[in-house]
Structure formats: C-alpha cells, structure tokens
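Asker: can you look at this prediction? I've put the sequence above it.
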Amino acid sequence: MNVYEVRKSIRTFQEKELSSVDLGKISSYLNDSGNFIGPFGNQFKFNLVIEKKTQAEQKIGTYGLIKNAQGYILGSSNTDTKSLFDYAFVFENIVLYLTQLNIGTCWLAGRFRKHHAISHLALEEGQIIPAITPFGYTAEKPRLKERLAKKILKVNTRLPENKLFFYQSFDTPLERKAPEFQKALHLLRIAPSAKNKQSWRLLFNRDFTKVHFYILSSLADNELYMCEPEYLDIGVAYNHFKAGLDSDGISGKLSINNPAISTPEKYKYITTWIRD
C-alpha cells in the first residue's frame, strides 16, 4: 500500500517531541526549493514553526480541534486560481512526505488562527495563507472530539465514481470506459478535501486524450476560509491523479482552454490535462 493509501488526517498527537533526526529531515525537505514548484510554474516557500508549551496562548491551532501538535508548516500564495492550485499541489507533497516519516498531519484551510499564522510570515500585498498543517507523532487513540468530527464529516466515505467522473458530457458517467486511468482515478477519489465535499469533477473527451477538471463550488464565500477551498481541493486532486498516471507511465501536461461544454449549476472549469 503506497503513501497515498495510508495518509489520513490526524488531529490528536502524542506529547512526545519530534526527534532531531525527523526535524532535520523535514527542514531539509522544506529548504529544497525544487520541491515547491507547481504544475503551472508557481514557486512557494514554507516555514516550520515549533510550538512551545510555554506559549500556549500563541498557538496557531484550531480552537481545540488540534491537540498536542509539535508544530505547524505554513506558506503563502497569491489568490489567483493557478497559484492556489499549485499551492495545494505542492502542499500535499509535504503532507505525503511527513506521512512517509510516520508523522501525522492534517490539512487546515479554515479553522486556524489566521492572525497568529500570519505573524510567522512576511506576506506580500495580496497574499494569503491558503492552508497549514500541524504535525507530530500520532496518538494511539483519537479523542472523542476527533472521533465525532470524523463521523460528522464521514471522512472514510467517498462519493461513487458515477458522481465524479464523466465521458463527453455530464449526462454520461465514465464507468469503465477508461481502464488505463483506473489507478489515477482511484488515487484522486481518496484525496482529502475541505469538509470531505469531494468537489472535483472530471470529464473525459471522446478518445481519452483530454481530461477536463471542474470544481463544484459549494463552500464559496465561507468566512472561515481565506480563499474558496475548492481551488485547493482541485490541486490536491490533480496531485493524486498525476501520481497514478506517473506510476503507469502515462504522461501529459496541463492547459487552460475551456471546452465550453454545458455544465450543471455551480460547476467551474479549472484546467485540462492533455496526453502527450
């Protein structure tokens, strides 16, 4: 089972501090600028913030949602669609890297103290912090609050494929028409998303040389978020999709060229994957 399969959101951590070895690995990863160039060419920097127990009142964390985090990783982005897409793509790679180190993480795009987070970054005008992650060693048992949150969000539940993937029009589910894409679609389907809304929708063209990516904008204008989280969700989704393609030796590139296909209400076109 690969890292995409085992990744899960962790909200309760051990009080144990991270080892110097693990902190060194994380720092080295964050200091490698080559890790943070998105598919559209945007590059990012991320800060590693260690939480001090004596500074509990300064915690970035989320109003009791996160417990015993040893620190946070956060970065900044412009607010255009390409930047948010790229931010999410590379940020998911951070999450997956920490998962490989057996260090727990949790995507936080809404419920974190924005003013405390901003104090750790030198934001340029117009920039925001789209999402952060706490990190630490995973507690043996999640708290009741965490178990209830996961139950409410149905974190282990995914929409059926016929609600997510389509062929030529949104009236025709893809079903099993594209067998060589099944791994990529599986990894995409298990990707994390804001409130587990799974806001991505994919539309394949007739000969499977193009895949159009859309979002269903259901959380727009939510005051908790510094940007519409669906623009992050689709970047994470593409990260998973590309990983599946890469493992099967299928190459392609992204282009933004709206096919002007009739869409259901609230669907927004984002980008198109074109096969090489």
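Answerer: Yep, that arrived.
Asker: so what touches the strand or helix carrying residue 27?
Answerer: Assigned by DSSP states H and E, residue 27 belongs to helix 20-30. Helix 20-30 has contacts (CB atoms under 8 Å, 6 or more residues apart in numbering) with 18, 35, 46, 47, 48, 73, 94, 97, 98, 101, 103, 135. From N, CA and C alone the C-beta is placed, and that goes for glycine too.
Asker: what angle do the following helix or strand past it and helix 20-30 make?
Answerer: Moving toward the C-terminus from helix 20-30, the first helix or strand encountered (DSSP H and E) is strand 46-50. Angle, strand 46-50 to helix 20-30, by axes from the mean of the first three to the mean of the last three CA atoms, to 10 degrees: 160 degrees.
Asker: flag the shaky bits of the protein, pLDDT-wise.
Answerer: Applying pLDDT under 70 to the chain picks out residues 1, 52-59, 61-64, 142-156, 218-222.
Asker: how many neighbours does residue 124 have?
Answerer: Each residue near residue 124 was counted by other CB atoms under 10 Å, and the total is 8.
Asker: repeat for residue 119
Answerer: Residue 119: 11 surrounding residues under other CB under 10 Å.
Asker: from residue 266, how far out is it?
Answerer: 35 Å (CB to CB, to the nearest Å).
Asker: ok, back up a step: distance from the chain centre to the helix holding residue 27, please.
Answerer: How far helix 20-30 lies from its chain's middle: 21 Å, per CA atoms, centre = their mean, to the nearest Å.
Asker: do the same with stretch 17-24
Answerer: On CA atoms, centre = their mean, the centre of stretch 17-24 falls 24 Å from that of its chain.
Asker: just to revisit the earlier point, pull the most distant pair out of the contacts of helix 20-30.
Answerer: Put simply, by CB to CB the two of the contacts of helix 20-30 set farthest apart are 18 and 35, 19.2 Å from each other.
Asker: which of those two has more neighbours?
Answerer: residue 18 (20 against 16).
Asker: list the residues that contact the more buried one.
Answerer: Neighbouring residues of residue 18 by CB under 8 Å, 6+ apart: 26, 70, 71, 103, 135, 136, 137.
Asker: number of nearby residues for the first one?
Answerer: A count of nearby residues for residue 26, using other CB under 10 Å, gives 21.
Asker: over to the second one?
Answerer: Residues near residue 70, counting by other CB under 10 Å, number 20.
Asker: now it: closest residue in space, sequence neighbours ignored.
Answerer: residue 136 (4.0 Å; CB to CB, 6 or more residues apart in numbering).
Asker: which residues does that neighbour form beta bridges with?
Answerer: Following DSSP bridges, residue 136 is listed with bridge partners residue 104.
Asker: quick check, it in contact with residue 106.
Answerer: No: applying CB atoms under 8 Å, one finds residue 136 not in contact with residue 106, separated by 10.0 Å.
Asker: ok, residue 78 to residue 21 distance?
Answerer: For residue 78, the distance to residue 21 equals 35 Å [CB to CB].
Asker: of the contacts of helix 20-30, which is the most crowded?
Answerer: Those, ranked by neighbours (other CB under 10 Å): first place residue 135, 29 neighbours.
Asker: all helices for the stretch 51-200 of the chain, in order.
Answerer: For the stretch 51-200 of the chain, helices defined by DSSP state H, counting those that start in this stretch occupy the ranges 81-100, 114-118, 144-153, 182-189.
Asker: out of those helices, the one nearest residue 253 is which?
Answerer: Ranking the helices of the stretch 51-200 of the chain by proximity to residue 253 (CB to CB) places helix 81-100 first, at 13.8 Å.
Asker: and that closest one, how far from the chain's centre?
Answerer: With CA atoms, centre = their mean, you get 6 Å for helix 81-100.
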